[in-house]
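Asks: The sequence isn't on hand, but the structure is:
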């Protein structure tokens with residue numbers, strides 16, 4: 001999650017001008033929602049199911065499932081992907097299209113097995129170990145639609161001058177996945193801000209991929225103050241241009257509600273109304289998959305822990321951003337953005 005360069009605001013179209021349906025023969029794009037359960041009070045098993053049910057009720061037909069490489073394979077002696085397989089099987093039982101992310105980088109750090117974490121991306125030992133992970137995931141890969149290698153990699157790569165080596169690593173992994181599952185769509189998730197600042201490197205990474213994958217939290221440059229709620233038209237078009245004709249997949253699309261970020265609950269609702277309308281206007285060919293982040297707010301403790309992880313432990317704007325992303329509050333009560341999403345996605349639920 002990184003600061004976003006914004007140069008202008010866009011005028012939004014109204015996605016609620018009648019429910020509408022796609023023209024005959026045109027596929028609907030896929031909506032996903034990061035359907036975390038309300039965390040206060042402590043969630044029970046039924047709360048996890050209820051959260052997913054809520055996302056399905058507003059038209060979600062996809063899910064984003066991400067794991068760090070390190071948690072699946074702490075070192076060469078331990079490799080266990082059963083959690084991934086179990087999560088996958090449940091998601092498939094609910095009829096969901098699956099986006100699977102393996103975070104070899106997670107925004108600010110490598111998340112690799114300890115014994116290879118310091119090796120160069122082009123070291124053959126890194127590719128062999130990633131292939132071993134893919135072998136373990138083979139039972140589910142045939143039903144994965146999108147596969148992401150790394151999360152929000154752009155700023156990490158820029159500050160360490162690792163773009164070319166990582167692009168080589170991703171290209172090899174894409175080829176390895178295609179050998180296993182010819183139809184799988186593979187890419188590496190970039191924060192949009194980093195892709196926009198490092199356009200040449202981002203395009204090279206997209207060139208070895210099947211899709212351009214982004215996260216988007218619209219901040220003004222060098223701050224955690226939000227851009228105008230009607231900015232998505234500009235940003236979506238920029239994403240499409242950088243993608244160079246390849247489909248754009250949004251792993252995360254979010255907007256805080258906190259006044260500390262110069263936002264509000266009404267501004268958050270306006271953002272999602274605009275964003276879903278702009279997405280609809282671009283169609284499933286350009287933007288086939290969008291995941292909204294987040295169903296419920298995190299708890300203050302979770303936000304504090306994230307602040308430590310992202311090396312921003314004492315940044316109030318960052319903490320408030322994290323703790324106000326929910327379409328619902330931590331206790332489950334809805335924000336105006338929840339009703340906005342439900343209204344704006346009517347076209348996805350129309351037969």
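Replies: That came in fine, so what should we check first? Since the structure is predicted, the reported quantities are computational estimates derived from the model, not experimental observations.
Asks: show me where pLDDT drops low in the chain?
Replies: The model of the chain has pLDDT under 70 over residues 1-26.
Asks: what about the helices in it?
Replies: 45-57, 69-72, 82-93, 124-141, 154-160, 163-180, 192-197, 199-207, 232-243, 265-286, 300-309, 316-322, 336-344, 346-349 (DSSP state H).
Asks: what's the most buried one of these?
Replies: Of all the helices of the chain, helix 192-197 has the most neighbours on average by mean count of other Cβ atoms under 10 Å, namely a mean of 24. Every residue, glycine included, has its C-beta placed from N, CA and C.
Asks: Next, format the helices of the chain as TSV and append distance to residue 99.
Replies: TSV is the format used below for the helices of the chain (distance: least, Cβ to Cβ, whole Å):
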stretch	distance to residue 99
helix 45-57	14
helix 69-72	17
helix 82-93	10
helix 124-141	13
helix 154-160	19
helix 163-180	14
helix 192-197	17
helix 199-207	17
helix 232-243	16
helix 265-286	15
helix 300-309	21
helix 316-322	21
helix 336-344	19
helix 346-349	17
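Asks: For residue 27, find the nearest of those helices.
Replies: helix 265-286 (4.9 Å; Cβ to Cβ).
Asks: Report all helices and strands that the closest one contacts.
Replies: In terms of contacts (3 or more Cβ pairs under 8 Å, 6 or more residues apart in numbering; DSSP states H and E), helix 265-286 is packed against helix 232-243, helix 336-344.
Asks: I figured residue 211 was touching residue 251, is that so?
Replies: No: using Cβ atoms under 8 Å, residue 211 is not in contact with residue 251; the gap is 10.4 Å.
Asks: Next, the contact list for the residue nearest the centre of the chain, please.
Replies: Residue closest to the average C-alpha location in the chain (Cα atoms, centre = their mean): residue 251, at 2.1 Å. Residue 251 is in contact with 64, 99, 101, 148, 151, 189, 213, 214, 215, 291, counting by Cβ atoms under 8 Å, 6 or more residues apart in numbering.
Asks: Just the buried residues of those residues.
Replies: Among these, the ones that count as buried by 16 or more other Cβ atoms under 10 Å are 64, 99, 101, 148, 151, 189, 213, 214, 215, 291.
Asks: ok, the fifth one touching residue 110?
Replies: In other words, residue 151. No: between residue 151 and residue 110 no contact is recorded; they are 11.3 Å apart, counting by Cβ under 8 Å.
Asks: Can you report how many residues neighbour residue 313?
Replies: Other residues near residue 313 number 13, with proximity taken as other Cβ atoms under 10 Å.
Asks: Next up, phi/psi of the residue of the chain most remote from its centre, please.
Replies: Relative to the centre of the chain, the most outlying C-alpha is that of residue 77, 30.4 Å out, by Cα atoms, centre = their mean. Main-chain dihedrals, residue 77, degrees, to the nearest 10: phi -90, psi -10.
Asks: now the buried ones among the contacts of residue 251 as JSON lines including distance to residue 304?
Replies: Shown next, in JSON lines, are the buried ones among the contacts of residue 251 (distance: Cβ to Cβ, whole Å):
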{"residue": "64", "distance to residue 304": "24"}
{"residue": "99", "distance to residue 304": "28"}
{"residue": "101", "distance to residue 304": "24"}
{"residue": "148", "distance to residue 304": "27"}
{"residue": "151", "distance to residue 304": "21"}
{"residue": "189", "distance to residue 304": "25"}
{"residue": "213", "distance to residue 304": "28"}
{"residue": "214", "distance to residue 304": "27"}
{"residue": "215", "distance to residue 304": "21"}
{"residue": "291", "distance to residue 304": "25"}
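Asks: Among those residues, which are located in strands?
Replies: The strands, defined by DSSP state E, take in 64, 99, 101, 148, 151, 189, 213, 214, 215, 291 from the buried ones among the contacts of residue 251.
Asks: Hmm, the last one is touching residue 279, no?
Replies: No: with contacts defined as Cβ under 8 Å, residue 291 does not count as touching residue 279, sitting 11.2 Å away.
Asks: is it true that residue 172 touches residue 127?
Replies: Yes: between residue 172 and residue 127 there is a contact at 5.3 Å, judged by Cβ under 8 Å.
Asks: Tell me how many other residues surround residue 111.
Replies: 20.
Asks: Quick check: the gap between it and residue 216.
Replies: 22 Å (Cβ to Cβ, to the nearest Å).
Asks: Likewise for residue 173?
Replies: Counting by Cβ to Cβ, the gap from residue 173 to residue 216 is 24 Å.
Asks: swap in residue 241?
Replies: From residue 241 over to residue 216 the distance is 15 Å, taken as Cβ to Cβ.
Asks: same thing with residue 246?
Replies: Counting by Cβ to Cβ, the gap from residue 246 to residue 216 is 17 Å.
Asks: Which one's more surrounded, those two?
Replies: residue 216 (24 against 19).
Asks: give the contact list for that one.
Replies: 4, 191, 192, 235, 239, 250, 252, 253, 254.
Asks: thought the last one was touching residue 297?
Replies: What it means is residue 254. No: using Cβ under 8 Å, residue 254 is not in contact with residue 297, being 11.4 Å away.
Asks: Now for those two: what residues contact both?
Replies: Shared contacts of residue 254 and residue 297 (Cβ under 8 Å, 6+ apart): residue 325.
Asks: nearest to residue 222, of the helices of the chain?
Replies: Minimum separation from residue 222 across those (Cβ to Cβ) falls at helix 192-197, 10.1 Å.
Asks: which other helices and strands contact that closest one?
Replies: Using 3+ Cβ pairs under 8 Å, 6+ apart: helix 192-197 touches helix 154-160, helix 199-207, strand 212-216, helix 232-243.
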